[in-house]
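> predicted model and sequence below, questions to follow.
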Amino acid sequence: MRLRVTDYRHPAEPPSLVAAVWSAATLVLLAEAVPVWLLIVRPLGAYVAVPVGVGLLALFNVGALAGILRIREHRSRLRDAARTAGPTRHARLHQAAERAAERLSAPGTPPIHVLPLDEPDSFTIGWGRPEIFVTEGLLDELGDLELQAAMAHELAQLKGGHARLLTPVLLPLRARLVHPVLAVPFALAWLALRWWARIAELSADRAAAVAVGGAEPVAHWLSTLAAADAGARALPPDSLDRYMTYGAHEDGWELIEAELHHAHRSLGRRITEVVTFTHSRRFANCLAIVGDLDVPVVGDAPDPASPGVIPHVVIGMLAGLWLAPLTIAITVVLGAPQEPAATPVGEPGARPAQQFDPQAPPPTEDAVLPEPLPPDEAAADDEAPEPGDEPPAEGEPAAGEGDQAAPVDETVQGMLEVARIHKEREEYEKAERVLQDLLLRDPTVAEAHYLLGWVKVAQGDNESAVQEFTATANLTAEGSEMHGEAVSALERLGQ
């Protein structure tokens with residue numbers, strides 16, 4: 001059987017990875033959105049907002065591009081300064097890596113380079129072709145099993161995909177490949193990814209424990225790394241061996257945790273996590289997969305780690321942050337009132353939607369005007385009308401009332417109503433224009449002659465008024481109200 005990543009991976013790593021990557025993308029996009037907002041909204045004025053926005057965009061994107069491009073150059077410099085391990089050169093390191101790769105079922109061993117540095121350290125560059133770098137100080141400090149644990153840790157980082165994600169984010173910061181001002185995008189991404197990176201380290205530590213068959217070599221290796229940090233101290237090897245004799249759930253382990261955290265908080269937590277893992281059924285199953293015959297008896301102890309609640313809470317918050325604007329936009333689009341489609345003139349369901357414009361040319365046969373409003377009745381004047389006087393309302397019967405002329409269509413009725421409105425507003429020229437257009441269309445409309453007669457009276461053109469009232473009397477039947485009003489108006493005008 002082959003050992004898979006899921007066999008030893010920390011339960012919190014998958015949800016933490018989703019939350020961390022999502023958080024990093026959110027922070028980077030927000031950082032990009034700030035200068036774009038300055039360019040669009042310009043809160044400080046165009047003379048300030050535009051240069052600031054362009055400058056921020058340039059710094060952010062130039063810094064990100066420069067940091068990525070310099071990774072290859074930095075790795076080339078490291079490779080030139082190092083010596084590659086092999087069967088004849090640094091054979092102990094090469095053999096430790098081969099044994100670790102075999103135990104972890106890793107797909108081969110990448111090139112391993114030894115840097116001439118006294119500080120104990122090891123790291124992996126997963127950008128492009130993966131490579132592992134180890135310092136001479138680490139080789140001098142570690143024994144064979146501890147060195148195998150260190151190589152298993154780096155191989156687990158490659159097998160789990162951790163190095164591929166962390167290299168473009170962390171290496172420009174650690175190696176200072178760009179100026180601190182230009183390193184803002186990497187700092188934002190690392191701010192979100194560092195939480196997942198700590199859990200990824202725990203997964204790699206578990207793989208190292210599986211590769212060496214226990215927690216002691218891993219603890220010694222981590223203690224050596226802790227001693228290399230400023231202000232930290234390494235735990236004596238005999239003390240670590242004595243601490244490992246206690247079970248993870250026994251009373252003596254509480255004292256061990258306190259001393260480990262006092263020596264180095266983060267590495268002490270890693271030692272605590274890996275020791276508790278080696279006392280679980282999951283660790284025993286991993287040893288059985290790699291072919292160990294001496295599998296520890298741990299009973300039915302489950303994996304002490306758990307996925308936790310925080311990653312799922314962060315994922316939910318990010319989902320709400322991203323989906324809220326989308327939901328609001330969809331709601332606004334779907335809830336916006338729709339403009340009714342215009343119905344072409346002449347089709348079923350068409351109704352008048354335009355007001356008659358007296359300035360326009362005469363309407364065509366298909367033109368549709370608004371429905372007529374009910375006319376207002378005015379008081380009748382017994383005296384002869386004078387120029388400019390308002391004609392008696394009694395002489396303005398309702399449209400078609402008592403009129404024996406041919407019935408008028410809807411267009412004619414609308415034009416008559418527009419003429420009445422202009423006349424009541426004393427807009428006599430507009431009323432005259434509408435009525436003349438109507439009479440050009442149909443000279444037999446008696447009411448048009450009647451209204452035009454009163455318009456002529458108001459304009460002082462009594463001669464034209466007599467002609468219009470005479471036409472009204474000729475077009476209406478004797479005894480009708482409009483006929484009587486026309487005859488009465490002619491008598492007042494001296495005819």
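Happy to help now that I have it. Numbering: from 1, shown residues only.
> what strand or helix carries F123?
In the assignment (DSSP states H and E), F123 maps to strand 122-125.
> same question for that strand, mean pLDDT?
Mean pLDDT, strand 122-125: 92.
> quick one: name whatever helix or strand follows that strand.
Downstream of strand 122-125, the next assigned helix or strand under DSSP H and E is strand 131-135.
> distance from the following helix or strand past that following strand to the middle of the chain?
Using DSSP H and E, the helix or strand that directly follows strand 131-135 along the chain is helix 136-141. Remark: helix 136-141 is offset 50 Å from the chain centroid, using CA atoms, centre = their mean, to the nearest Å.
> again, but for stretch 64-72
On CA atoms, centre = their mean, the centre of stretch 64-72 falls 28 Å from that of its chain.
> buried ones in that stretch?
By neighbour count on 16 or more other CB atoms under 10 Å, the buried set for stretch 64-72 is A64, G67, I68, I71. All C-beta spots, glycine's among them, are computed from the backbone N, C-alpha and C.
> ok, now how distant is the second one from S122?
Summarising the geometry, the distance separating G67 from S122, computed by CB to CB, to the nearest Å, is 23 Å.
> mind listing what's buried in the one helix or strand N61 maps to?
Assigned by DSSP H and E, N61 belongs to helix 46-81. For helix 46-81, the neighbour count (16+ other CB under 10 Å) marks 49, 53, 56-57, 59-60, 63-64, 67-68, 71, 74-75, 78-79 as buried.
> and if you look at stretch 423-431?
Buried residues in stretch 423-431, counting neighbours by 16+ other CB under 10 Å, are found at K423, E427, Y428, K430, A431.
> look up phi and psi at the second one.
Backbone dihedrals for E427, given as degrees, to the nearest 10, come out at phi -100, psi 70.
> how far away is it from I40?
50 Å.
> what's the spacing between stretch 444-462 and its chain's center?
Computed by CA atoms, centre = their mean, the separation of stretch 444-462 from the middle of its chain amounts to 69 Å.
> what is the mean pLDDT for it?
Mean pLDDT, computed over stretch 444-462, is 87.
> need the CA coordinates for that stretch. CSV is fine.
Output in CSV follows, covering the C-alpha atoms of stretch 444-462 (Å, rounded to 0.1, in the frame of the first residue of the first chain):
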residue,chain,number,x,y,z
THR,A,444,-69.0,69.9,-42.7
VAL,A,445,-68.3,69.9,-39.0
ALA,A,446,-70.8,72.4,-37.7
GLU,A,447,-69.3,72.7,-34.2
ALA,A,448,-65.9,73.7,-35.7
HIS,A,449,-67.6,76.6,-37.6
TYR,A,450,-69.4,77.5,-34.4
LEU,A,451,-66.3,77.6,-32.2
LEU,A,452,-64.3,79.4,-35.0
GLY,A,453,-67.1,82.1,-35.1
TRP,A,454,-66.6,82.9,-31.4
VAL,A,455,-62.8,82.9,-31.8
LYS,A,456,-63.3,85.5,-34.6
VAL,A,457,-65.5,87.5,-32.4
ALA,A,458,-62.8,87.5,-29.7
GLN,A,459,-60.3,88.6,-32.2
GLY,A,460,-62.5,91.5,-33.5
ASP,A,461,-63.1,90.0,-36.9
ASN,A,462,-66.9,90.2,-37.0
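> how is this protein carved up into domains?
With domains defined by automatic domain parsing, the chain comprises 5-325, 393-492.
> will you turn the buried residues of stretch 423-431 into CSV that also has distance to T224, secondary structure and pLDDT?
What follows is the buried residues of stretch 423-431, written out as CSV (distance: CB to CB, whole Å; DSSP: H, G, I helix; E, B strand; the rest coil; pLDDT from 0 to 100):
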residue, distance to T224, secondary structure, pLDDT
K423, 107, helix, 85
E427, 103, coil, 87
Y428, 109, helix, 88
K430, 102, helix, 88
A431, 106, helix, 87
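> state the pair within these that is farthest apart.
K423 and K430 (8.9 Å; CB to CB).
> contacts for stretch 87-96, please.
Residues outside stretch 87-96 that contact it (CB atoms under 8 Å, 6 or more residues apart in numbering): R83, A85, G86, I112, V114, V134, L139, D144, L147, Q148, A150, M151.
> tell me the span between the first and last residue of that stretch.
Using CA to CA, to the nearest Å, one end of stretch 87-96 lies 11 Å from the other.
> so, low pLDDT: which residues of the chain?
When residues are selected by pLDDT under 70, those of the chain lie in 1, 229-265, 292-302, 304, 306, 308-309, 335-408, 495.
> spatially central, which residue of it would that be?
The centroid of the chain falls nearest to W322 when counting by CA atoms, centre = their mean (5.4 Å).
> confirm it sits in a helix?
Yes - the assignment for W322 (DSSP: H, G, I helix; E, B strand; the rest coil) places it in a helix.
> from I315, how far off is it?
Separation of W322 from I315 (CB to CB): 11 Å.
> how about I112?
Distance, I112 to I315, using CB to CB: 37 Å.
> who has more neighbours, those two?
The neighbour comparison of I112 against I315 (other CB atoms under 10 Å) goes to I112, with 23 against 16.
> please name the nearest non-neighbouring residue to H179.
Leaving aside its chain neighbours, H179 sits nearest to G63 (7.6 Å; criterion: CB to CB, 6 or more residues apart in numbering).
> quick one: that neighbour and L188 touch, right?
No - at 10.8 Å, G63 does not count as touching L188 under the criterion of CB atoms under 8 Å.
> for the stretch 201-350 of the chain, which segments are assigned as helices?
216-228, 237-244, 252-263, 265-278, 281-290, 310-335 (DSSP state H, counting those that start in this stretch).
> most tightly surrounded among the ones you listed?
Using mean count of other CB atoms under 10 Å, the stretch among these with the largest mean neighbour count is helix 216-228, at a mean of 24.
> now render the buried residues of stretch 64-72 as JSON lines, adding distance to V418.
JSON lines is the format used below for the buried residues of stretch 64-72 (distance: CB to CB, whole Å):
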{"residue": "A64", "distance to V418": "69"}
{"residue": "G67", "distance to V418": "75"}
{"residue": "I68", "distance to V418": "74"}
{"residue": "I71", "distance to V418": "80"}
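> how about the helices of the stretch 201-350 of the chain, which one is nearest P14?
For these, proximity to P14 was assessed by CB to CB; helix 310-335 is nearest, at 8.5 Å.
> for the closest one, packing partners?
Of the remaining helices and strands, those touching helix 310-335 by 3 or more CB pairs under 8 Å, 6 or more residues apart in numbering; DSSP states H and E are helix 13-41.
> list the buried residues for stretch 443-452?
Across stretch 443-452, burial judged by 16+ other CB under 10 Å covers V445, A446, E447, A448, H449, Y450, L451, L452.
> what's near enough to touch the fifth one?
The reference is to H449. L439, E468, F469, A471, T472, L475.
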